[in-house]
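Trainee: structure, please.
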Amino acid sequence: MKENIVSRIRDFYWGGFDENGEKISPSYQREVLSRNKSKLYASLEWLCEHNAIETSDIKLFNRIKACRNTLAHELFANVSSLGMPTDFEDCFNQMFSLYNKIEVWWIKNVELPTNPDFDGVEVNDLEITPGPILMLSVMYNIALGDEATSNSYYDEFKKQAGTT
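Mentor: Alright, predicted model coming up:
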C-alpha cells in the first residue's frame, strides 16, 4: 500500500526518459515532496489536498501502520504464543477500505477522464473494482477465508494451469 501511494503520485509527474534516465517534472518536488520529509506522508498530504482522502484517513493510516509494524516486528511472538493481534482483522479491513478509496479515486479522477472510451460516461464508485483490490481480496480469501473458499481458489488455479 505504501509503495503504491508513493509511486502512483510519482508516476503522475513522470515525464518520460532523456539522456540521463527518467524525467520527473520539477513540479513533483514543488507540489508533493516539499510537503513532508517523508515521501509517503508528502504523498498522503497531496491525496488529502486533492480530496482523495481526508485528514482522518491519515490518522487511520497511522493506526494501520502501527498494527502492521506490531505484526511484522513481533512476528515470532504473534505466531507462536500470542496469536494474531486482537485488532488485526479490524486493521486489515480498514486498510482494505482506505486502499480501495485511494484506488477508486485514481481511476475516477485520473484514469477515466484521460480515456476517450469513457467520454460522457458516468461511472458509479461502486462499479469500480481496482486490480490491486481484487488481488488483495483473493489473497485474503485464500489465507483467511474458510477452507471451502480457499480450496475453490486452489482448484480453479489448477484448472487454469491445466494441472487438473
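Trainee: give me the next element, helix or strand, following the helix or strand of the chain with the lowest mean pLDDT.
Mentor: Least confident helix or strand, the chain: helix 75-77 with a mean of 67, by mean pLDDT, DSSP states H and E. Downstream of helix 75-77, the first helix or strand assigned by DSSP states H and E is helix 88-106.
Trainee: next one: the very next helix or strand once past that following helix to chain centre, how far?
Mentor: Under the assignment DSSP H and E, the closest C-terminal helix or strand after helix 88-106 is helix 131-144. Distance, stretch centre to chain centre, for helix 131-144: 12 Å (CA atoms, centre = their mean, to the nearest Å).
Trainee: ok, and what's touching helix 131-144?
Mentor: 4, 92, 96, 99, 100, 103, 149, 150, 153, 154 (CB atoms under 8 Å, 6 or more residues apart in numbering). C-beta here means a position set from N, CA and C on the backbone, and glycine is covered the same way.
Trainee: with stretch 45-53 instead?
Mentor: 5, 9, 31-32, 35-36, 44, 54-55, 57-58, 98, 101-102, 105-106, 109.
Trainee: now the buried members of those residues.
Mentor: Buried members of those, scored by 16 or more other CB atoms under 10 Å, are 5, 9, 31, 32, 35, 44, 57, 98, 101, 102, 105, 106.
Trainee: now pLDDT too, for these, in TSV please.
Mentor: What follows is the buried ones among the contacts of stretch 45-53, written out as TSV (pLDDT from 0 to 100):
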residue	pLDDT
5	96
9	97
31	97
32	98
35	97
44	98
57	98
98	97
101	97
102	97
105	97
106	96
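Trainee: columns distance to residue 135 on top of those residues, output as a markdown table?
Mentor: Listed next are the buried ones among the contacts of stretch 45-53 as a markdown table, based on distance: CB to CB, whole Å:
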| residue | distance to residue 135 |
| --- | --- |
| 5 | 16 |
| 9 | 21 |
| 31 | 30 |
| 32 | 26 |
| 35 | 29 |
| 44 | 22 |
| 57 | 22 |
| 98 | 16 |
| 101 | 17 |
| 102 | 15 |
| 105 | 18 |
| 106 | 16 |
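Trainee: how about low-confidence regions in this protein?
Mentor: Low-confidence segments of the chain, defined by pLDDT under 70, are located at 75-85, 164.
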